[in-house]
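**Q** A structural model of the following input is requested.
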Amino acid sequence: MKKLLSTLFFTVTALTSFTQIKSDSSRHLLFKGVPIDGTLDEFVLKMQKSGFIRTGIQDGIAILEGDFASYKSCIVRVSTLKNKDLVSKIDVLFPDRDTWSSLSSNYFNLKEMLTEKYGKPSDGIEEFQSNGQPIDDMVKMSYVKLDECKYHTNYGTEKGTIQLSIEHDGLTRCFVRLAYFDKINGKTIKKQALDDL
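**A** Residues are numbered from 1 along each chain as shown. Model (predicted):
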């Protein structure tokens, strides 16, 4: 009888511990079904298991490449705070586009999918910041390159924020970026930054 009660006690304790671990990770924002949590190496390993290839590390940010949301050859940047190895932000850079029609098509396609999954955006802006509205593809792309195109949409959830935007890198690269900000680990990093002040 004592043996049976001991076995039952240990089984219940193990299940309770497992449930606690699972519920802690479920409080974090997910990226490809993986909680945005843990160390950089742990998170990168999980991404490699899901098909991404690690291409390097730059300024404490792991760089991976792979397919994401039906787009080929996306760049994924996994960020931590330098003096705290805790993943809190993921950036997905979609392939470069040379025309406004292909760039905006990527943006609106992703926005439609995000809205289907997360509901109505919490806020956003979609405009060219100029006196007159650009009328052709080439002028719109020049506005993107000159930082006069403000297209971004935010999805606020209880676990964090997801931001979709049209971005550029200098005058040559234009792409859509999708960023995931985990709420819990973002607060941890902010607290550490405030402690530094």
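**Q** give me the low-pLDDT residue ranges for the chain?
**A** 1-25, 82, 193, 196 (pLDDT under 70).
**Q** Strands of that one, residue ranges please.
**A** Secondary structure of the chain by DSSP state E: the strands cover 30-31, 34-35, 53-58, 61-68, 71-81, 84-93, 123-128, 149-157, 160-169, 173-182.
**Q** Out of those strands, which is closest to residue 115?
**A** strand 149-157 (7.9 Å; CB to CB). For every residue, glycine as well, the C-beta is placed using N, CA and C.
**Q** hang on, the earlier thing: format the strands of the chain as TSV; extra columns: mean neighbour count and distance to residue 194.
**A** Formatted as TSV, those follow (neighbours: other CB atoms under 10 Å; distance: least, CB to CB, whole Å):
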stretch	mean neighbour count	distance to residue 194
strand 30-31	20	26
strand 34-35	20	24
strand 53-58	12	26
strand 61-68	18	22
strand 71-81	18	12
strand 84-93	21	13
strand 123-128	13	25
strand 149-157	18	22
strand 160-169	19	19
strand 173-182	21	17
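**Q** Same list as before, those that is, but in a markdown table and with distance to residue 103 included.
**A** Listed next are these as a markdown table, based on distance: least, CB to CB, whole Å:
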| stretch | distance to residue 103 |
| --- | --- |
| strand 30-31 | 23 |
| strand 34-35 | 28 |
| strand 53-58 | 23 |
| strand 61-68 | 17 |
| strand 71-81 | 13 |
| strand 84-93 | 13 |
| strand 123-128 | 13 |
| strand 149-157 | 9 |
| strand 160-169 | 6 |
| strand 173-182 | 6 |
